[in-house]
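In: Got a predicted structure here, sequence first:
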Amino acid sequence: MTKESTLTTEQRSVLLMVLPNALAVPIMLSSVNVALPDIASDLNLSAVAVSWVPTVFLMASAMFVLIFGRVADMYGRKKVFLIGAMTVIVASLMASMAVDSSQLLVARFLQGFGAAMLYATQMALISSVFPPQARGRAIGWVISLIYVGLAVGPLLGGIITEYFGWRPTFYLQIPLAFAVLYIGIFKVKKEWAAEERGNFDVIGAGLYAGSIALICLGIAFMPQGYAWLIFIGGIAGVLIFFSYARRAQQPLWNVSLFFTNRLFTFSCMASLIMYSATFMNVVLVSLYLQYIQGMPAMLAGSVMMVQPLVMAIFSPLVGRYADQLEPRWLASSGMLITAIGLLALAALGCDDSVPRIVLALFITGFGFSLFSTPNVNAMMGSVENRFLGAASSAVAITRILGQMASMVLVTLLFALFIGDLPFSPDNFSLLASTIRIAFYLAALLCLPSLLFSLSRGKTARHGELKSD
């Protein structure tokens, strides 16, 4: 196995380009979540509008990640990666200057648009320069930095929000984005793309992006009757997209992998459901700590960093074994532990002690760290080199769609139980019961994910499917 001390110049330069981004984007996400109560107060947002601050980012990322995955295969993965970093810088400055909810949501959408370029190319760049037997360790470091970003983001966001307000929280990722641009432009000399460029699938892109938009807009207007029609139209659009992509000669996304590769398909489904179950934590825990527990932003951020910090510590350790051990057992055990952690979060009351909250977050984080790296390694290792772009897009899209589905569930629960009411002491009991319901549903979601993980089949050391 390639060791850190024997990394090639190319491998080292790509790692140095990718790792700051792996840290920057989650800082951008998690720091803002701590600032949500201050944003809601300053811009006079309702409960549903608050949920849309993270949701619109994820919607844009989900809409465009496949499109940029294909564009990157055609025109160069590094090029798209660097344009994404530049877009995030511009969008972050726009968000910091927003004076109403509309301007903030537009800026968050543009942030998600830029992040889609980064998500679509990050794992593809790693997989382009690392051989299969060393890929798991490199992926483990990328995922670890993602969790470090998720860990330090709440703390930094809490400190900045408490002393300077919510607007400077959008500046945190900008220095790291500039570091990505510097290394990518001056240190990474090579470009990576598919051997044959092919044609861009305009019809498939329109079907996919439009379907995601319809699903999110349908949720936005629920429980109105017409919202269900919009939502159903979005679901139908996704099914039409898969049917079209399977028949197209040069589809936006090679969905044939889902029909011919059980290991790849079941790993994707496990990832999709797992993120659907867990991403809501970043928002719900923030609201619980600051509204229900009455914590100041800085203390809430300190508590919130427990779960991602645990992920950051254990992901590299798990990644070290992900190339050697059977991934379905590692990942499946992680799902079971995560479900226990989510049940512990659901059981929290208005006056629970900080150690009990920390324990619940520790359990959830440890479970997810056991799941993530083995599952990603199984996905990337189950395909041929010519499908690395499609597999990297799958890693990104299952994560983003899962995160979006998680926030869509939160938005729906807020719409059903709280509606247009603001977050005020009179409504805190409604908020507490809604958070509790959300965590119970999240724990239940871990069960189908566990079934997909256990049923994916045995894998060899480098990800080849074996017969049971």
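Out: Looks like it came in fine. Residues are numbered from 1 along each chain as shown.
In: Sketch out the strands for the stretch 201-350 of the chain, chain order is fine.
Out: Applying DSSP state E, counting those that start in this stretch to the stretch 201-350 of the chain gives no strands.
In: show me what contacts the closest residue to residue 417 other than its chain neighbours?
Out: Residue nearest to residue 417 in three dimensions, not counting chain neighbours: residue 434, with 4.7 Å by C-beta to C-beta, 6 or more residues apart in numbering. Using the backbone N, CA and C atoms, a C-beta is placed for each residue, glycine as well. Counting by C-beta atoms under 8 Å, 6 or more residues apart in numbering, residue 434 touches 413-414, 417-418.
In: what do you get for residue 340?
Out: Counted by C-beta under 8 Å, 6+ apart, residue 340 has contacts 363, 367.
In: Please apply the same query to residue 17.
Out: By C-beta under 8 Å, 6+ apart, the neighbours of residue 17 are 78, 81, 125, 180, 183-184, 187-188.
In: same check, this time on residue 361
Out: 281, 285, 303-304, 306-307, 310, 341, 345.
In: Looking at those residues, spot the one nearest residue 202.
Out: Proximity of those to residue 202 (C-beta to C-beta) peaks at residue 281, which lies at 37.4 Å.
In: Distance-wise, check the closest one relative to residue 225.
Out: In this structure, residue 281 and residue 225 are 32 Å apart, going by C-beta to C-beta, to the nearest Å.
In: what's the answer for residue 250, then?
Out: For residue 250, the distance to residue 225 (C-beta to C-beta) stands at 40 Å.
In: Compare these two (neighbour count), which wins?
Out: Neighbour count, other C-beta atoms under 10 Å: between residue 250 and residue 225, residue 250 has more, with 14 against 8.
In: Make sure that one is actually in contact with residue 196.
Out: No. At 9.4 Å, residue 250 does not count as touching residue 196 under the criterion of C-beta atoms under 8 Å.
In: and residue 414, how many residues sit next to it?
Out: The tally of other residues near residue 414 (other C-beta under 10 Å) stands at 25.
In: An error on my part: the question was meant for residue 99.
Out: Per other C-beta under 10 Å, the neighbour tally for residue 99 reads 9.
In: What's the separation between it and residue 42?
Out: As for residue 99, its distance to residue 42 is 10 Å (criterion: C-beta to C-beta).
In: these two touch, right, residue 108 and residue 95?
Out: Yes. When contacts are counted by C-beta under 8 Å, residue 108 is listed as touching residue 95 (6.2 Å).
In: Show the contacting residues for the closest residue to residue 34 other than its chain neighbours.
Out: Closest residue in space to residue 34, ignoring its immediate chain neighbours: residue 157 at 4.0 Å, by C-beta to C-beta, 6+ apart. With contact set as C-beta under 8 Å, 6+ apart, residue 157 has these partners: 30-35, 169, 172, 297, 301.
In: Throw the residues you listed into TSV and include pLDDT, thanks.
Out: Below are the contacts of residue 157 laid out as TSV (pLDDT from 0 to 100):
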residue	pLDDT
30	83
31	88
32	89
33	85
34	89
35	91
169	92
172	90
297	88
301	88
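In: May I ask which of the residues you listed has the most neighbours?
Out: Counting neighbours by other C-beta under 10 Å, the top entry in those is residue 34, with 33 neighbours.
In: what about the closest residue in space to residue 309 that isn't next to it in sequence, how many neighbours?
Out: Closest residue in space to residue 309, ignoring its immediate chain neighbours: residue 151 at 3.9 Å, by C-beta to C-beta, 6+ apart. Residues lying near residue 151 (other C-beta under 10 Å) number 24.
In: where's the closest residue to residue 171 other than its chain neighbours relative to residue 104, distance?
Out: In space, and not counting its chain neighbours, residue 171 is closest to residue 96: 6.4 Å by C-beta to C-beta, 6+ apart. Using C-beta to C-beta, we find residue 96 at a distance of 10 Å from residue 104.
In: Please apply the same query to residue 82.
Out: Counting by C-beta to C-beta, the gap from residue 82 to residue 104 is 26 Å.
In: neighbour count winner among the two?
Out: Taking neighbours as other C-beta under 10 Å, residue 82 and residue 104 compare with residue 104 leading, 26 against 23.
In: How about the contacts made by residue 59?
Out: Residues counted as contacts of residue 59 (C-beta under 8 Å, 6+ apart) are 109, 112, 212-213, 216, 404.
In: Just name the closest of these to residue 10, please.
Out: residue 112 (30.3 Å).
In: For that closest one, give me its contacts.
Out: Residues in contact with residue 112 (C-beta under 8 Å, 6+ apart) are 56-61, 64.
In: picking up where we left off before, tell me the pLDDT at the residue nearest to residue 309?
Out: pLDDT, residue 151: 79.
In: how is the protein carved up into domains?
Out: Listed by automatic domain parsing, the domain ranges of the chain are 10-189+252-454, 201-251.
In: if we can go back for a sec, looking at the contacts of residue 157, which two lie furthest apart in space?
Out: Comparing all pairs in the contacts of residue 157 by C-beta to C-beta, the longest separation belongs to 172 and 297, at 14.1 Å.
In: What is the end-to-end distance of stretch 122-140?
Out: Terminal residues of stretch 122-140 lie 13 Å apart, using C-alpha to C-alpha, to the nearest Å.
In: So what's the gap between it and the chain middle?
Out: Taking C-alpha atoms, centre = their mean, to the nearest Å, the mean C-alpha location of stretch 122-140 is offset from the chain mean by 19 Å.
In: list the buried ones in it?
Out: 122-130, 132, 134-140 (16 or more other C-beta atoms under 10 Å).
In: Just give the number of residues close to residue 243.
Out: Neighbour count of residue 243, defined by other C-beta under 10 Å: 12.
In: and the residue lying closest to residue 113 once chain neighbours are set aside, how many neighbours?
Out: Leaving aside its sequence neighbours, residue 113 sits nearest to residue 60 (C-beta to C-beta, 6+ apart; 4.8 Å). By the criterion of other C-beta under 10 Å, residue 60 has 26 neighbours.
In: what's the answer for residue 229, then?
Out: 12.
In: what does residue 164 give?
Out: Neighbourhood size, residue 164 [other C-beta under 10 Å]: 11.
In: Let's see the pLDDT reported for it.
Out: pLDDT, residue 164: 92.
In: Tell me how far it lies from residue 455.
Out: Distance check for residue 164 against residue 455: by C-beta to C-beta, it reads 50 Å.
In: again with residue 50
Out: 38 Å.
In: so where is the stretch 201-350 of the chain shaky, pLDDT-wise?
Out: Low-confidence segments of the stretch 201-350 of the chain (pLDDT under 70): 223, 319-327.
In: Quick check: which element contains the residue nearest to residue 309?
Out: helix 132-164 (DSSP states H and E).
In: That'll do, ta.
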